[in-house]
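Q: Build me a model:
(chains A and B)
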Number of protein chains: 2
Amino acid sequence: MKKLEAGVLVVGCGTVGGATVEALLGQTDIIQARSGVSLRLTGIVSRTFASARRHGFPETLFRESLESALEDPDTDIVVETVGGVETGEAIIRAAIAAGKHVVTANKALIAERGTQLFETARKAGVTIAFEASCAGGIPIVRSLYDGLTANRIDALFGIVNGTSNYILSRMVQEGSSYREALAEAQREGYAEADPTLDVDGTDSVHKLAILSRLAFGVACHPDDIPTVGIDSLNSEDIAHAARLGYVVKLLAVAQRHDNGVSLFVRPAFISREHPLAWVSGPFNAVSVYGTVTGHTMYYGRGAGGAPTAGSIIADLVSIARGSYAPVFEHSCAWDQHDAVAVVPASRLAHRYYLRMLVDDTPGTLARITRILSDHEISIASVMQAESDESTPPKPVQVVITLHRTEESKLSAPLEKITALDAVKQGPAPITIIDEHPE
Amino acid sequence: MKKLEAGVLVVGCGTVGGATVEALLGQTDIIQARSGVSLRLTGIVSRTFASARRHGFPETLFRESLESALEDPDTDIVVETVGGVETGEAIIRAAIAAGKHVVTANKALIAERGTQLFETARKAGVTIAFEASCAGGIPIVRSLYDGLTANRIDALFGIVNGTSNYILSRMVQEGSSYREALAEAQREGYAEADPTLDVDGTDSVHKLAILSRLAFGVACHPDDIPTVGIDSLNSEDIAHAARLGYVVKLLAVAQRHDNGVSLFVRPAFISREHPLAWVSGPFNAVSVYGTVTGHTMYYGRGAGGAPTAGSIIADLVSIARGSYAPVFEHSCAWDQHDAVAVVPASRLAHRYYLRMLVDDTPGTLARITRILSDHEISIASVMQAESDESTPPKPVQVVITLHRTEESKLSAPLEKITALDAVKQGPAPITIIDEHPE
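A: Numbering: from 1, shown residues only, chains lettered A, B, ... in the order given. Prediction:
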């Protein structure tokens, strides 16, 4: 590849692929003026070209066969936007075998098989860049491998799923139920018809696996990261959070401990004073805590065609400039590094919020608090709503916050509380995230 | 220079220089593990070594003479942390003449003489990196030249002076006066004994000049950027801003228009819904609006030894990796680009807030609003506080917000209003910043 210019083959022409092609057809002057790099679109590979035709992309660029498109010596870099672990891997391995660099937005693939793919690419003398796999248009991958290289990273807190954040923001701002907020997100185009992978935390966990690998060197298959989605959240919890000075966010959290790094994705309470609490609607943000730089946060659109295409273009420029090869050579040689140990979530200590529905009978609250103290769990605050004097009396809400408690110690007492006759709905604990000390 | 290792001479051993030396003595293992780059400290140049001795740095590293230190073939990169336009330039020119790369935190120098210095460096085959010159530990310079290369940048809003932001945050949160908040900032170490360059906007304007050059290609000497500091702000303005749904921030603003780019630094009202409104205390943040990526924001510590040293180390790593040369070659070839035109601030249209003190006499408000309408200035809202029935009556506050008005059209009517007998204190307009459309 001649330096400062590159031929680019785009594989896949959906939301992200289409936006990438648009940028490569319409914005090359701007890209060249800003970076000195001349990017040429050499072809588009698509299954049906239906979307490519809708966009009005020139048919002379349509390539029916990936195999023959990869033979084009004018193509230096292949952009994979098809997605899917198996399909994505097949495309990328074919590109590597043809001696092409790769830029991908495929988070599931990089999270699950990045280590092996990167090794294959390195041995073939090409690179794989993946800024677009995490948090759309936010330059968080390069901040970890470039801007923050001075730091041992001690913690990373991310809001990395725009669908979930949009739904939670609606629940906070409008007092909507989860179902209402989801329906609104679907109407506004912020949630798919089947939103499962977004709201159950799967999408967030893929991004956490990639970012944590870069930040901490921790090797963790996404399936092994404890994950709770937002679908279990209740609008009562949102309201209690506000009363206590918190906001509920779906957080992807990685933290360094003496014996390794802990990782989880779950809805959690975060202080209204923390910058992540302000991130609303479909926006994403990642807070990183480094030993030298302290707290930095990166905010922007975490999904959507154009922002994700922006990250793909940035990677194309870095590869064409020759800036990326030395980064990939070291920072993505994941097979060459000793993996950092994973600390099980059960061993973590957090503060917790508990909400339960109980009959308003004498002694119930005493029995609940007694169970907690018998298990040496320290209560920080208790709130029991006043009963409404109706006959028969309705169950009342009890909200308890706990001082720092090891997660594994919670299950036994919470089971006992749930088993009490007077408890109509037992507590599902929600983690309260403390600000990471700088 | 052998790739992936570099010898580093640190010139200056104050807050930033000292923190850089500390990182180079204590963190090289982390830096190497994260980046693959081995950085070796080859020497420290200081006027007195008093601070270097206080830090306990090894005396074997002390170099009395910059000239002889530059002869050391083991030094590949010189870090300039002395500051001052003349002094800094002399050090950097000596380093370039000796064939060394340069990393600097010197914002005044880069803002005023970056173009010529970069040209000299380019001709000598070396690079100058300056992430540390803007917003301390926040990787905003590299986001502009790397992460956002796909974008034509349309607007940049920055809170880039931590001292001013700390003072304004105290005024908002505690209702303090400017003087009280400044004294508190000095006690807390967030303001110098002489805070002039921070609170009068000079520091912000240096950063704006650098960031705008990278973002828009606009060449503007900092002296030519209209600048208002926070020292004229009144706690009444802070309170009225809150009532109207705004927060007062010292903003560095650059915006693209059809005929060029406008630049200014001034205290301004920004909507409480905008992420910059949340940035409190000594933190900095920069919002960037790009055509492809949309709105991204970068948040972190904008000053202080360690965060600034973090940016210096990131630049050292980029240079040693070979990633920076192709960036510098193009994105910092400021002498090679056609400079973009500057649109005078007087030609900009904004919404405005006006506060004045008037005698509570019949017809005063009518006269004021009449003057505005005679000048075809459209009023968005009026608030006159109820008078307190004291005898003699005290002047009352009148707050008026204006619809979008060209700045040049304001001075004549505001002079007339100030000249009214009933007006005890005339209005000093404060700009209301609209969210940049995405």
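
Q: Would you mind listing what in the stretch 51-200 of chain A touches chain B?
A: A:131, A:137-139, A:142-143, A:145-152 (C-beta under 8 Å from any C-beta of the partner chain). Backbone N, C-alpha and C define where each C-beta goes, glycine included.

Q: who wins for most neighbours among the residues you listed?
A: residue A:147 (34 neighbours; other C-beta atoms under 10 Å in any protein chain shown).

Q: who's in contact with the residue nearest to that one when sequence neighbours are not counted?
A: Spatial nearest neighbour of residue A:147, excluding adjacent residues (C-beta to C-beta, 6 or more residues apart in numbering or on different chains): residue B:139 at 2.8 Å. Applying C-beta atoms under 8 Å, 6 or more residues apart in numbering or on different chains, we find residue B:139 in contact with A:143, A:146, A:147, A:148, A:296, B:131, B:298, B:311, B:314.

Q: Cross these against helices and list the overlap.
A: Among the contacts of residue B:139, the members found in helices (DSSP state H) are B:311, B:314.

Q: Out of the contacts of residue B:139, which is nearest to residue A:342?
A: For the contacts of residue B:139, the closest approach to residue A:342 (C-beta to C-beta) belongs to residue A:148, at 21.6 Å.

Q: Residue of the stretch 301-438 of chain A nearest chain B, please.
A: Using C-beta to the nearest C-beta, the single residue of the stretch 301-438 of chain A nearest to chain B is residue A:330, 3.0 Å away.

Q: what about that residue, distance to residue B:328?
A: 21 Å (C-beta to C-beta, to the nearest Å).

Q: more neighbours, the two?
A: residue B:328 (21 against 18).

Q: in terms of contact, does that one touch residue B:130 like I think?
A: No - Residue B:328 is beyond contact range of residue B:130, at 9.9 Å (criterion: C-beta atoms under 8 Å).

Q: which residues do those two both contact?
A: What both residue B:328 and residue B:130 touch, as defined by C-beta under 8 Å, 6+ apart, is an empty set.

Q: just to revisit the earlier point, would a markdown table of the contacts of residue B:139 with distance to residue A:182 and pLDDT be doable?
A: A markdown table is the format used below for the contacts of residue B:139 (distance: C-beta to C-beta, whole Å; pLDDT from 0 to 100):
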| residue | distance to residue A:182 | pLDDT |
| --- | --- | --- |
| A:143 | 31 | 98 |
| A:146 | 37 | 97 |
| A:147 | 36 | 96 |
| A:148 | 35 | 97 |
| A:296 | 32 | 98 |
| B:131 | 42 | 98 |
| B:298 | 31 | 98 |
| B:311 | 42 | 98 |
| B:314 | 41 | 98 |
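
Q: quick revisit: nearest spatial neighbour of the residue of the stretch 301-438 of chain A closest to chain B, skipping sequence neighbours?
A: Nearest to residue A:330 is residue B:36, by C-beta to C-beta, 6+ apart, at 3.0 Å.

Q: from what I can see that neighbour touches residue A:325, true?
A: No - the criterion here is C-beta under 8 Å, and residue B:36 misses it with residue A:325 at 11.6 Å.

Q: Restrict the one helix or strand residue A:179 maps to to CA atoms and write it as CSV.
A: Assigned by DSSP states H and E, residue A:179 belongs to helix A:178-187. Provided in CSV are the C-alpha atoms of helix A:178-187 (Å, rounded to 0.1, in the frame of the first residue of the first chain):
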residue,chain,number,x,y,z
TYR,A,178,-40.5,0.0,31.2
ARG,A,179,-43.0,-1.2,28.6
GLU,A,180,-44.2,2.4,27.7
ALA,A,181,-40.6,3.6,27.4
LEU,A,182,-39.6,0.6,25.2
ALA,A,183,-42.6,1.2,22.9
GLU,A,184,-41.5,4.9,22.6
ALA,A,185,-37.9,3.9,21.8
GLN,A,186,-39.2,1.6,19.1
ARG,A,187,-41.4,4.4,17.6
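
Q: And it, what's buried?
A: Along helix A:178-187, these residues count as buried under the neighbour rule (16 or more other C-beta atoms under 10 Å in any protein chain shown): A:178, A:181, A:182, A:184, A:185, A:186.
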